[in-house]
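**Q** Whatever this is, show me its structure:
(chains A and B)
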2 protein chains.
Amino acid sequence: MELSKNIKNNDIATAAKLITIIENNRNKAAGIIKDIFLHTGNAYIIGVTGSPGVGKSTLVGEMINIFRKKNLSVGVIAVDSSSPFSGGAILGDRIRMQKHESDSKGVFVRSMATRGNLGGLAKATRDATYIMDAMGRDIIIIETVGVGQVELDIVKLAYTSVVVLAPGMGDDIQAMTAGIMEIGDIFVVNKADHPGADDAEREIKYMLHIGMRKSDWEPEIIKTVAAKGSGIKEFVEKINKHKKYLEDNNLIDKKKYSQDQLIKLIKEKLELRIIKNENSQNIINDFVEKIAKREIDPYSAAENILKKLGLVNRS
Amino acid sequence: MELSKNIKNNDIATAAKLITIIENNRNKAAGIIKDIFLHTGNAYIIGVTGSPGVGKSTLVGEMINIFRKKNLSVGVIAVDSSSPFSGGAILGDRIRMQKHESDSKGVFVRSMATRGNLGGLAKATRDATYIMDAMGRDIIIIETVGVGQVELDIVKLAYTSVVVLAPGMGDDIQAMTAGIMEIGDIFVVNKADHPGADDAEREIKYMLHIGMRKSDWEPEIIKTVAAKGSGIKEFVEKINKHKKYLEDNNLIDKKKYSQDQLIKLIKEKLELRIIKNENSQNIINDFVEKIAKREIDPYSAAENILKKLGLVNRS
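**A** From the prediction side, this is the model:
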């Protein structure tokens, strides 16, 4: 297809158009991803997450500088689950405008927002990652604000996950325990020239100590002052160290695609079939009425519906 | 079946046993619900939700007093999504022990907890509601702590949803916007003898004003001091008013079973079939490897898998 040819030529206009389509039309998304997927799997995907105000954007800008000096091309996906606006001028775009405006072949920034649908945001972000990967970007940075369920889902797309914190956020660190602490491969204490940086580091160490991690990787903690460019080189070295760990342990393939992702997609497909279909809706509604009147129990109804929809094998 | 006979006789020992089974064994839950479901639909289900410390348990205790005076039997399901312990002595059980210990025919209290599985908690609570309904309880009160996604799912089981707040929780009220404000049919400002009760009421009114409600029901706000028993009678009258609204507008059947509930159950069934099955797991894992190597795209893989599992009709 025309699109997949263009995207392989690192065509930014095509990529931008495709991302807009996958955001607005989930039905078309499948076709697009089918078309480009076999050209993906070459980018290295880094997730950067943290609360507002910790200096994520500045840090990402500094990361980009280092990658560009190594002549690596970069794609940035800036995700804000609290914002209904996308494609526009939040977070990541600020970086582009400040520093990399003239370098569109090297740095492509795209913002993603909810459009009123959190689940859709995670899916659209996943697909936007494929598009940037197919474009041939060497590095993709997914930047997320906050630490809710959607952000966790999005962070899972990354091969290396970076959690950014700033001093004086003690409560925040504790609130993060649930998900993010288990996911972070590298913890950055940014604004390390502010009072309390050592406390923050200690708290992270403590949380990591009491938390449960499923991998052998010992999370790294590093202090940076992104606004002054200090600690950034060391930070990027930690990312490379983690990348090497994944490669040495044959874990890259698992990062490139997980069972979890495929199961989610299968569920998505089944859901589309069951819900977005007039025939199914009518069948379901008939049964809902019967259940409400206690003429049938929900489990028997569900079985009947699956049979009627041909979604059940005869075993 | 023996069980469904016993449960209809308001047999508390059987009910307690059944709830333990549905908590521990989701496979057996389907059989139990099938068995008893046609005896449900007679109870009136009230949800009571709010942060810790607002006095929910005291309020529920006072509600029970009023229902018992009218000779209505009551079932209480006390859900604590932050606790791994269930069946035991949290929240609701305190009420029983204090006031209604000798009245087990009239008041049956059961605590539910996560057991490390939030999704399972919502399902187990739903099924426990059916069991109490089949027992012949006239009123079922579902008490939930906190306002996360699980609590929202649980609150949806109720015909009338009560949100309890206390003065001095301004930030909490704002944090609630997302889900709970849209769900509450009645808002209780408990501890109304504390300073700030009027402010809390004003804030609720403001949040309701800016929020989006999908029903014609104008939420009621009422001030109580549960610890002194004041405002309770008026509060229960508001519940009856909401019940009458539902009846007059033919909305009770929709509360008794919703499309949303049935779709969830259908998805649950499909998920069980797809995931908890060695054959499926092997097929899925084969494809995950192929996808990671970019030999096939995820969408085509998902379609292939659904075909192989016989989950797709030939259209």
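**Q** Any stretches of the stretch 1-150 of chain A with poor pLDDT?
**A** A:1, A:81-102, A:114-119, A:146-148 (pLDDT under 70).
**Q** how many other residues sit next to the residue of it found nearest chain B?
**A** At 3.5 Å from chain B, A:Phe37 is the closest residue in the stretch 1-150 of chain A, using CB to the nearest CB. Where C-beta positions appear, they are placed from N, C-alpha and C, glycine not excepted. For A:Phe37, the count of nearby residues is 23 (other CB atoms under 10 Å in any protein chain shown).
**Q** same deal with the one 4 residues further on?
**A** Residue crowding around A:Gly41 was assessed by other CB under 10 Å; the count is 17.
**Q** Once you drop chain neighbours, what's closest to it?
**A** B:Arg294 (4.6 Å; CB to CB, 6 or more residues apart in numbering or on different chains).
**Q** which phi and psi does that neighbour have?
**A** phi 60, psi 40 (degrees, to the nearest 10).
**Q** pLDDT wise, what is it at?
**A** pLDDT for B:Arg294: 95.
**Q** List the contacts of it.
**A** The contact partners of B:Arg294, taken as CB atoms under 8 Å, 6 or more residues apart in numbering or on different chains, are A:Phe37, A:Leu38, A:His39, A:Thr40, A:Gly41, A:Lys256.
**Q** Helices along the stretch 101-250 of chain A, start to end?
**A** With DSSP state H, counting those that start in this stretch as the criterion, the stretch 101-250 of chain A has helices at A:118-134, A:149-155, A:170-176, A:180-183, A:197-210, A:232-248.
**Q** Of these, which is nearest chain B?
**A** helix A:149-155 (7.4 Å).
**Q** From the contact counts, what lies against the closest one?
**A** strand A:44-50, helix A:118-134, strand A:139-145, helix A:180-183 (3 or more CB pairs under 8 Å, 6 or more residues apart in numbering or on different chains; DSSP states H and E).
**Q** For the stretch 1-150 of chain A, what lies in contact range of chain B?
**A** Contact residues, the stretch 1-150 of chain A versus chain B (CB under 8 Å from any CB of the partner chain): A:Ala30, A:Ile33, A:Lys34, A:Phe37, A:Leu38, A:His39, A:Thr40, A:Gly41, A:Gln149.
**Q** Give the buried subset of those as a ChimeraX selection command.
**A** Here is the ChimeraX command that selects only those of those that count as buried (16 or more other CB atoms under 10 Å in any protein chain shown):
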select /A:30,33,34,37,39,40,41
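**Q** Keep only those of the residues of the stretch 1-150 of chain A next to chain B that are in helices.
**A** Those of the residues of the stretch 1-150 of chain A next to chain B mapping onto helices are A:Ala30, A:Ile33, A:Lys34, A:Gln149, per DSSP state H.
**Q** Which pair of those spans the longest distance?
**A** A:Lys34 and A:Gln149 (27.4 Å; CB to CB).
**Q** so which residue of the stretch 151-300 of chain A comes closest to chain B?
**A** A:Asp297 (3.4 Å).
**Q** Contact partners for A:Gly168?
**A** Applying CB under 8 Å, 6+ apart, the residues contacting A:Gly168 are A:His194, A:Pro195, A:Gly196, A:Ala200.
**Q** In those, which residue is surrounded by the most others?
**A** Ranked by the number of neighbours (other CB under 10 Å), the contacts of A:Gly168 place A:Ala200 first, at 25 neighbours.
**Q** rank the helices of the stretch 101-250 of chain A by mean pLDDT and give me the bottom one.
**A** Minimum mean pLDDT among the helices of the stretch 101-250 of chain A: helix A:170-176, a mean of 55.
**Q** How about the residues of the stretch 151-300 of chain A by chain B?
**A** Counting by CB under 8 Å from any CB, the stretch 151-300 of chain A sits next to chain B at A:253-254, A:256-259, A:261-263, A:265-267, A:269-271, A:274-275, A:284-285, A:287-289, A:291-295, A:297-300.
**Q** Just the buried subset of those residues, written out for ChimeraX, thanks.
**A** Buried members of those, defined by 16+ other CB under 10 Å, are picked up in ChimeraX with:
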select /A:254,256,257,258,259,261,262,263,265,266,267,269,270,274,284,287,288,291,292,297,298,299,300
